[in-house]
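K.L.:
predicted model follows, preceded by the sequence.
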Amino acid sequence: MTFFCKDEQLEILGNGILEATWGEFPKLARNQIALTWIVYDPPVPVNTGGALSPEEFWKYSVRGFSYRGVERIYPASLVKLFYLVAVHEWLDKGMIPVASSELERAIRNMIVDSSNDATSLVVDVLTGTNSGPELPGAPFETWKQQRNIVNRYFQSLGWPEMETINVNQKTWSEGPYGRERAFLGELMENRNMLTTNATARLLHSIIGGVAVSSARSQAMMTIMKRSLNPAELTSDVDENQITGFLGGGLPQDAQIWSKAGWTSQVRHDAAYIELPNRQPYLLTVFTEGKAHSQNKAILPFVSHQVAAAMDLLTRST
């Protein structure tokens, strides 16, 4: 049971977007893309400044479309969105001391710049673990138990989308060593894994103002806000999280809150988008395959198609 309702109109539009994408990129296999698209009909329950209580918010029915939305896929840096929510939960509940300026810097750089070094500190703070040489049996078992605390938190929410995810690994520029490599598993079977549905639900809770608390949701949204102004984007197109991602397919008068992730094998993005005179929406797209991860045209193409579909939706309501 997903958090959104399937809708015939969105099914037709969503399938049309996918067909257009495969037509434009014929080498993109049917099992190399996953997508979750949520539309917010009036009265819009998200980006309200925390006006709704969690009880009220979760009563709102939203409609959506999903393609392979339950497939487990390596998320790259999209896992940082989950660590963002977790660290705010820990701070809110007093599980870690009041955020130091250094932790605040790491949290911001983890999302704004997608820094792997910053993420390493956040994961250490969340779990009480550290990277280092391999550990003997009993201490390593304790270490692994601690490292899985973020998984246990998301499972405790009782959301079915969180039942199959794995969020217990750091993100790396070159790769893990020592106890981190051992924890990953010989065949990397313990890699981070997410679905577009799970990512969409987490983002839905943030923009709904009910992730941890209203104030903390607002703080998360603040550092997820992206500029579409070319003059404000970093010249490094691999780092600005707009060029080659969902924001790259939007007009400059759109507003976007997002977190992207990419490696040599995947290219993903999750975004909440507001277009002038159209209903707001949430879009999460994962793509896999070495050739596609380097293709900076796929995600902007999908985003542009969805924006065009939103125009049709607005005119039909």
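P.N.:
Arrived safely.
K.L.:
distance of Q155 relative to M188?
P.N.:
22 Å (C-beta to C-beta, to the nearest Å). Just so you know, the C-beta spots here come from the backbone N, C-alpha and C atoms, and that holds for glycine as well.
K.L.:
could you look up the SS state of N295?
P.N.:
Of the three states, N295 takes coil under DSSP: H, G, I helix; E, B strand; the rest coil.
K.L.:
thought it was touching K27?
P.N.:
No. With contact defined as C-beta atoms under 8 Å, N295 does not reach K27; the gap is 9.0 Å.
K.L.:
T36 pairs with what?
P.N.:
In this entry, T36 is beta-bridged to S66, T284, by DSSP bridges.
K.L.:
that should have said E288, apologies.
P.N.:
Beta bridges link E288 to V266 when assigned by DSSP bridges.
K.L.:
okay, now it: neighbour count?
P.N.:
For E288, the tally of surrounding residues (other C-beta atoms under 10 Å) stands at 19.
K.L.:
same question, N116
P.N.:
16.
K.L.:
gap between it and V266?
P.N.:
Taking C-beta to C-beta, one finds N116 at 15 Å from V266.
K.L.:
which stretches of the stretch 151-300 of the chain form helices?
P.N.:
For the stretch 151-300 of the chain, the helices defined by DSSP state H, counting those that start in this stretch cover 179-184, 196-207, 214-224, 290-293, 298-316.
K.L.:
number of nearby residues for the closest residue to P276 other than its chain neighbours?
P.N.:
Closest residue in space to P276, ignoring its immediate chain neighbours: D253 at 5.5 Å, by C-beta to C-beta, 6 or more residues apart in numbering. A count of neighbours around D253, defined by other C-beta under 10 Å, yields 9.
K.L.:
can you check F286 too?
P.N.:
By other C-beta under 10 Å, the residues close to F286 number 28.
K.L.:
that one contacts I73, correct?
P.N.:
Yes. Counting by C-beta under 8 Å, F286 touches I73, with 5.0 Å between them.
K.L.:
anything in contact with each of the two?
P.N.:
Applying C-beta atoms under 8 Å, 6 or more residues apart in numbering, one finds that F286 and I73 are jointly contacted by A34, T196, V266, H268.
K.L.:
nearest to W143, of these?
P.N.:
W143 has its nearest neighbour among the shared contacts of F286 and I73 in V266, at 27.4 Å by C-beta to C-beta.
K.L.:
quick check, F140 in a helix?
P.N.:
Yes. According to three-state DSSP, F140 belongs to a helix.
K.L.:
for the closest residue in space to it that isn't next to it in sequence, what are its contacts?
P.N.:
Sequence neighbours aside, R179 is the residue nearest to F140 in space, at 6.6 Å (criterion: C-beta to C-beta, 6+ apart). By C-beta under 8 Å, 6+ apart, the contact set of R179 is S131, G132, P133, E134, L135, F140, W143.
K.L.:
return the distance of the helix or strand harbouring the last one from the chain's centre.
P.N.:
If I follow you right, that is W143. Assigning secondary structure by DSSP states H and E places W143 in helix 137-147. Its chain's C-alpha centre and that of helix 137-147 lie 28 Å apart, by C-alpha atoms, centre = their mean, to the nearest Å.
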